[in-house]
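Novice: One predicted model, sequence on top.
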Amino acid sequence: MQGRAVLSILAVSLISAATLAAQAPVRARIPDVAPIAAISVTGNKMLSSNAILTASGLTLNGNGGSAIFDAARDRLLDTGYFDLVSYTFKTQDSGFAITFSVTEVKQIFPVRVEALPITADQVKQLLKSKDPLFTGLLPGTKQVSDRAAAEVERYLAATNPGLRVRAKVVPTGPERYEVQFAPAEGLPVIADVTFEGSALIKASELHDVIIENGIGQVFSDASVHALLDRLIRPLYEKQGYMRVSFPNITSKPAADVKGIDVHVTVADGPRFRLGNISVRGFDADSRRILRMANLPHGDFVNGDELQQASSRIHDTLRSEGYLDVTVSTDRAIDDAAQTVDAWFDVNPGVPYTFGHLEILGLGLDGEAAIRKMWSVKPGDPFPGRYPDYFVQAVKQEGLFDNLGGITATPSINRQTHVVDLSLHFAGAPPTQPRRTPF
């Protein structure tokens, strides 16, 4: 009886287990490949989702699966437009729904073309037709630069066989960078620069200035404009021609040397008079600062005189103990009135006072004579250039025989704003006796 009971219990257990197994849901196996029912992108800020999907190579209703999605992710990373790319997917409508999460490369740059038979606008049109992710600006990554250079090279191959192109990020100004397309062998150099059009300065004089400073520089549009701004423009601004311009700049290969001949047309523009002169950033009497500047009012603007006036203000304030003073100039051009308002931005800092004078290398009498000559008293404003002036005055007095040199060493305390000074007097080296031959 007990054996029958055990068998009955076992039979019931087996029937119950079979019933439960029949009632449990069967988990469907995710297929290796299935149609793509939906595609989406998150994290993109500059690039459109459609452009990213095009670059991924995936299409709606096309095949999808882990291996296919991995390859699409790798294609996006290989474009050079993204720092990170990841994805998730799930089954949906008998297929897959995939979502890409991207982090774009943040630094993107304008396009610049140098020494190539194609313009920047043409390069941008070409890249838009070849690269779905191109928006007019390029990341500076190697993948993007190499691929873009190869596209330009292929485009130019029909008319310029053998021309190799490289693209790289270059600085083009303060805090400004661009992707420069140029010959792979490097940019040519400036062989010569000639001028025409100026009534103020002879073309030969302008040529001489460039010859001394600009010939042999790397040739590019940016470098030519930089040379003109640095070397030629100041020649006009110092005489009041604040709107001098260079409306036409042409270039061609030099005939007798390897390089580029540049020809510049100069437009002098009108001559401007000096308008209002003011002081900014200084709480003291601005009229006193303007007296230091000593600029004539109503004359034509002279850029050199403005800089010299700035130096006069700087030197005068340093002589009054303002050792940390900074002075800069700026201007506002009034084209209608043909005047230039200029101002000095003065930041004097804290005045410094004189503390202690130390004299080394002299006896008591000599030290007493030097202290008598020294006119700055403790607590007086410390004149910045006085030590150099004093050293020259001592030498001119000829107080000491066999004086080798005098060194003035200031010790400036930036916390207390007190300046101590050490004067070191060195004797002349002994003269060597002349050797007479036997």
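Specialist: It's in.

Novice: The residue lying closest to residue 44 once chain neighbours are set aside: neighbouring residues, count only.
Specialist: Here the nearest residue to residue 44 in space, its sequence neighbours aside, is residue 102; by C-beta to C-beta, 6 or more residues apart in numbering that works out to 5.4 Å. Every C-beta, even on glycine, is put in place using the N, C-alpha and C of the backbone. A count of nearby residues for residue 102, using other C-beta atoms under 10 Å, gives 23.

Novice: Mind listing what's buried along the helix or strand residue 102 falls within?
Specialist: Residue 102 is part of strand 95-104, with elements assigned from DSSP states H and E. Residues 95-98, 100, 102, 104 are the ones in strand 95-104 that count as buried (16 or more other C-beta atoms under 10 Å).

Novice: Tell me the secondary structure of residue 182, please.
Specialist: At residue 182 the chain is in strand, as set by DSSP: H, G, I helix; E, B strand; the rest coil.

Novice: Same question for the one 5 residues further on.
Specialist: Three states are possible here, and by three-state DSSP the one that applies to residue 187 is coil.

Novice: Give me the phi and psi angles of it.
Specialist: Residue 187 has phi and psi values of phi -80, psi 150 when expressed as degrees, to the nearest 10.

Novice: pLDDT value on it, please?
Specialist: pLDDT for residue 187: 80.

Novice: Measure how buried it is and give me the count.
Specialist: Under the neighbour criterion other C-beta under 10 Å, residue 187 is assigned a count of 16.

Novice: out of everything not next to it in sequence, what's closest to it?
Specialist: Excluding its sequence neighbours, the residue lying closest to residue 187 (C-beta to C-beta, 6+ apart) is residue 218, at 4.7 Å.

Novice: State the distance from the one you found to residue 224.
Specialist: 10 Å (C-beta to C-beta, to the nearest Å).

Novice: Residues that sit against both of the two, list them.
Specialist: Residues touching both residue 218 and residue 224 by C-beta atoms under 8 Å, 6 or more residues apart in numbering: residue 190.

Novice: one step back: for the buried residues of strand 95-104, give me TSV that also has pLDDT.
Specialist: Listed next are the buried residues of strand 95-104 as TSV, based on pLDDT from 0 to 100:
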residue	pLDDT
95	92
96	95
97	95
98	96
100	97
102	97
104	97
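
Novice: Now these in a markdown table, please, with extra columns for distance to residue 51.
Specialist: Converted to a markdown table, the buried residues of strand 95-104 look like this (distance: C-beta to C-beta, whole Å):
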| residue | distance to residue 51 |
| --- | --- |
| 95 | 23 |
| 96 | 21 |
| 97 | 20 |
| 98 | 17 |
| 100 | 12 |
| 102 | 11 |
| 104 | 11 |
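
Novice: This structure: helices as residue ranges?
Specialist: Per DSSP state H, the chain carries helices over the ranges 2-23, 49-56, 66-78, 120-130, 142-156, 203-213, 221-227, 233-237, 286-293, 303-319, 364-373, 386-397.

Novice: Reformat those helices into a markdown table and put distance to residue 255 and mean neighbour count next to each item.
Specialist: Converted to a markdown table, the helices of the chain look like this (distance: least, C-beta to C-beta, whole Å; neighbours: other C-beta atoms under 10 Å):
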| stretch | distance to residue 255 | mean neighbour count |
| --- | --- | --- |
| helix 2-23 | 94 | 9 |
| helix 49-56 | 47 | 18 |
| helix 66-78 | 46 | 15 |
| helix 120-130 | 28 | 16 |
| helix 142-156 | 24 | 18 |
| helix 203-213 | 17 | 14 |
| helix 221-227 | 19 | 17 |
| helix 233-237 | 28 | 18 |
| helix 286-293 | 50 | 16 |
| helix 303-319 | 37 | 18 |
| helix 364-373 | 68 | 12 |
| helix 386-397 | 54 | 14 |
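
Novice: mean pLDDT lowest for which of these?
Specialist: Of all the helices of the chain, the minimum mean pLDDT falls on helix 2-23 (a mean of 48).

Novice: quick one on the thing from earlier: got the contact list for the residue nearest to residue 44?
Specialist: Contacts of residue 102 by C-beta under 8 Å, 6+ apart are 41-44, 47, 52, 76, 82, 84-85.

Novice: Check the spacing between it and residue 72 real quick.
Specialist: Distance of residue 102 to residue 72, computed by C-beta to C-beta: 12 Å.

Novice: swap in residue 37?
Specialist: Residue 37 sits 15 Å away from residue 72 when distances are taken as C-beta to C-beta.

Novice: Include distance to residue 385 when you put the contacts of residue 102 into CSV, please.
Specialist: Output for these, formatted as CSV (distance: C-beta to C-beta, whole Å):
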residue, distance to residue 385
41, 66
42, 65
43, 61
44, 61
47, 60
52, 65
76, 64
82, 59
84, 59
85, 63
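
Novice: Mind checking which of these are buried?
Specialist: Buried by 16+ other C-beta under 10 Å: 41, 43-44, 47, 52, 76, 82, 85, out of the contacts of residue 102.

Novice: any idea which of those is the one closest to residue 271?
Specialist: Proximity of the buried ones among the contacts of residue 102 to residue 271 (C-beta to C-beta) peaks at residue 47, which lies at 51.0 Å.

Novice: and the closest residue to that closest one other than its chain neighbours, how many neighbours?
Specialist: Sequence neighbours aside, residue 133 is the residue nearest to residue 47 in space, at 5.7 Å (criterion: C-beta to C-beta, 6+ apart). Neighbour count of residue 133, defined by other C-beta under 10 Å: 21.

Novice: The stretch 301-438 of the chain: strands as residue ranges?
Specialist: Here the stretch 301-438 of the chain has its strands, by DSSP state E, counting those that start in this stretch, at 326-334, 339-347, 353-360, 403-413, 418-427.

Novice: want to throw those strands into a markdown table with distance to residue 268 and mean neighbour count?
Specialist: Below are the strands of the stretch 301-438 of the chain laid out as a markdown table (distance: least, C-beta to C-beta, whole Å; neighbours: other C-beta under 10 Å):
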| stretch | distance to residue 268 | mean neighbour count |
| --- | --- | --- |
| strand 326-334 | 15 | 15 |
| strand 339-347 | 16 | 19 |
| strand 353-360 | 51 | 16 |
| strand 403-413 | 48 | 14 |
| strand 418-427 | 49 | 17 |
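
Novice: Surely residue 64 is in contact with residue 34?
Specialist: Yes: contact status for residue 64 versus residue 34: in contact at 6.0 Å, counting by C-beta atoms under 8 Å.

Novice: can you pull the contacts of the closest residue in space to residue 83 that isn't next to it in sequence?
Specialist: Nearest in space to residue 83, with sequence neighbours left out and distances taken as C-beta to C-beta, 6+ apart, is residue 103 at 4.7 Å. Counting by C-beta under 8 Å, 6+ apart, residue 103 makes contact with 43, 82-85.

Novice: 10 Å - rerun?
Specialist: Contact partners of residue 103, counting by C-beta atoms under 10 Å, 6 or more residues apart in numbering, are 43-45, 82-86.

Novice: That one bridge partners, please.
Specialist: Per DSSP bridges, the residues bridged to residue 103 are residue 84.
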